[in-house]
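S.K.: Quick one, structure for this:
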Amino acid sequence: VQLVESGGGLVQPGGSLRLSCTASGFYFSSYEMTWYRQPPGKERELVAGISGPGYNTNYADSVKGRFTISRDNAKKTVYLQMNSLKPEDTAVYYCNVVGSRIGRVWGQGTQVTVSA
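M.R.: Below you'll find the model as predicted:
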C-alpha cells in the first residue's frame, strides 16, 4: 500500500495550487481518502475528506469555500485544489487512507509555502 503526493511548492498569497495523491496496493474506490496538513511547530490537522465513490466531501472550517477535494478512481488519484491561499495555509500536506485491512497509511508529504 503506497500513497505518493505531488504538487506542492511556493505560492504568493491569493494564489492557487493543486495537490495530487496517487495510490497503489489497495482497492482505491472502496476507501474514503483524506488530506491532512501539519503547519510548522503545530500538530497535524484534518483538511478535507472524500468518500469512495466521491459523492460526499467534508472540510475543515478554515478551508471551506477555498479548497476542493476530488478524486478520479480510474487513475487512483485524489486531488486537493487550493485557491485563495493564505500564509496560514503553509504546511506539509499529507494524503491518508485508513481501513481494517490496510491499517492507516500516510504519504511522504508535500510542502506548501504561501509567502510574498
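
S.K.: Next up, the contacts around residue 66.
M.R.: With contacts defined as C-beta atoms under 8 Å, 6 or more residues apart in numbering, the neighbours of residue 66 are 82-85. Where C-beta positions appear, they are placed from N, C-alpha and C, glycine not excepted.

S.K.: mind checking how far it is from residue 59?
M.R.: When distance is defined by C-beta to C-beta, to the nearest Å, residue 66 is 9 Å away from residue 59.

S.K.: Show me the strands in the protein, by range?
M.R.: According to DSSP state E, the chain carries its strands in the segments 2-6, 9-11, 17-24, 33-38, 45-50, 57-59, 67-72, 77-82, 91-99, 103-106, 110-114.

S.K.: Any of the contacts of residue 66 buried? List them.
M.R.: Among those, those classed as buried by 16 or more other C-beta atoms under 10 Å are 82, 85.

S.K.: Just the closest of the contacts of residue 66 to residue 36, please.
M.R.: Nearest to residue 36 out of these is residue 82 (C-beta to C-beta; 13.6 Å).
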